[in-house]
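Participant: Using only what follows, build the 3D model:
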Amino acid sequence: MAFGAGVLVSALAFSLTREAFDRGGAGAVLIGLALGALSFFGGDVLLSRHGARDRKRSGGQKNADAKAGSGRDPSGGGGGLALALGALLDGIPESAAIGITLLGGGSLGVPMVTAVFLSNVPEGMSSAAGMRKSGRSTSYILLLWAGVTVASALASFLGFVLLGYASDVVVGGVQAFAAGAIITMLADTMMPEAYERGGPTTGLLTALGFILSFLLSQF
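Facilitator: This next block holds a predicted model:
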């Protein structure tokens, strides 16, 4: 997760935000980043109160919290819906960002795709392990991620199609919005879990991921 976070941070800086600035200027970037960060923060707080707080954690914290009386039981309907919406909240900005990168000239941004892939593999594994420890069935987990996959693919497609004829300022603002949401997601969910499970090596692995993504962005 630390390595994936480093890759994603680098891709956000050198691909998504840089391109947003080139397209829309400083105003579009500042407004987009702020709105993206605030939107993710507000959605994350709301969903965390309904059972999705530890959706990326592998240790079954959701179950422990429920037993301690500190939150809703994740086996309840509200918790299941919150988990699904939380996964969508994390995945849609990344997928939309991939679709938007196609607008620059029809070529897929390798750093952005690599970053999303390398971050989502450990995210999915950790989240699935945590849901299993919390009592979720295999079929539930597979259906949840299948739904997230479909929704994310649709977000990527819409990011490309709907913005194909938009002005550069609008496209730049949307790119910055996605970047703001993703960087907030990293700090709120991925990085804490990475450090909790990986300890002091987290910083080195994050730096390694950042370096790899930077090198990819130069080709």
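Participant: what bits of the protein have low per-residue confidence?
Facilitator: 54-85, 87, 101-111, 219 (pLDDT under 70).
Participant: Counting by contacts, list what the strand or helix carrying Phe40 packs against.
Facilitator: Assessed by DSSP states H and E, Phe40 sits inside helix 18-47. On a contact count with 3 or more Cβ pairs under 8 Å, 6 or more residues apart in numbering; DSSP states H and E, helix 18-47 meets helix 77-101, helix 168-185. Every residue, glycine included, has its C-beta placed from N, CA and C.
Participant: CSV please, covering those and showing distance to Val121 and mean neighbour count.
Facilitator: Output for these, formatted as CSV (distance: least, Cβ to Cβ, whole Å; neighbours: other Cβ atoms under 10 Å):
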stretch, distance to Val121, mean neighbour count
helix 77-101, 13, 22
helix 168-185, 16, 24
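Participant: Format these as a markdown table; extra columns: distance to Thr202.
Facilitator: Shown next, in a markdown table, are the helices and strands packed on helix 18-47 (distance: least, Cβ to Cβ, whole Å):
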| stretch | distance to Thr202 |
| --- | --- |
| helix 77-101 | 19 |
| helix 168-185 | 17 |
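Participant: Of the ones you listed, which is nearest Met131?
Facilitator: helix 77-101 (7.0 Å; Cβ to Cβ).
Participant: Skip the chain neighbours and tell me the closest residue to the residue positioned nearest the centre of the chain.
Facilitator: For the chain, the residue sitting closest to the mean C-alpha position, by Cα atoms, centre = their mean, is Asp90 at 3.8 Å. Computed as Cβ to Cβ, 6 or more residues apart in numbering, the closest residue to Asp90 that is not its neighbour in sequence is Met185, at 5.4 Å.
Participant: isn't Trp145 right next to Ala128, touching?
Facilitator: Yes. Assessed by Cβ atoms under 8 Å, Trp145 is found in contact with Ala128 at 7.4 Å.
Participant: Around Thr201, how many other residues sit close by?
Facilitator: Thr201 is flanked by 12 other residues according to other Cβ atoms under 10 Å.
Participant: Return the distance of it relative to Arg136.
Facilitator: Taken as Cβ to Cβ, to the nearest Å, the spacing of Thr201 relative to Arg136 amounts to 29 Å.
Participant: now do Ile100
Facilitator: For Ile100, the distance to Arg136 - Cβ to Cβ - is 33 Å.
Participant: do Arg53 as well
Facilitator: Arg53 is 15 Å from Arg136, by Cβ to Cβ.
Participant: Likewise for Phe160?
Facilitator: Distance, Phe160 to Arg136, by Cβ to Cβ: 33 Å.
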